[in-house]
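**Q** what follows is a protein structure lacking sequence information:
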């Protein structure tokens, strides 16, 4: 199962584009306020977190926050 491909139709080419963010919650809030559906949310045991959306052409866009983002100043 490929969590990036939440639809049954598979196409050749790139799987998705990923954007690194420093505040995933703020990014999610902005996306939701724009009435864009979040298709998948994932948090790894190390603190890395990300979510996926689809653009109007049905391409997957990942918003990714590395585990150490909030730990850099400690």
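**A** Sure thing, it's come through. Since the model is a prediction, treat every value here as computed from it, not as a measurement.

**Q** any chance you could map the strands in the chain?
**A** For the chain, the strands defined by DSSP state E cover 16-20, 38-43, 49-54, 60-65.

**Q** any chance of the ones you listed in CSV, plus distance to residue 30 and mean neighbour count?
**A** In short, each C-beta sits where N, CA and C put it, glycine included. Compiled in CSV, these are given as follows (distance: least, C-beta to C-beta, whole Å; neighbours: other C-beta atoms under 10 Å):
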stretch, distance to residue 30, mean neighbour count
strand 16-20, 12, 12
strand 38-43, 11, 13
strand 49-54, 11, 19
strand 60-65, 9, 19
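
**Q** what's the nearest residue to residue 68 if we skip its chain neighbours?
**A** The spatially closest residue to residue 68, leaving aside those adjacent along the chain, is residue 47, at 7.7 Å (C-beta to C-beta, 6 or more residues apart in numbering).

**Q** okay, the one you found and residue 64: tell me how far apart.
**A** According to C-beta to C-beta, to the nearest Å, residue 47 and residue 64 sit 12 Å apart.
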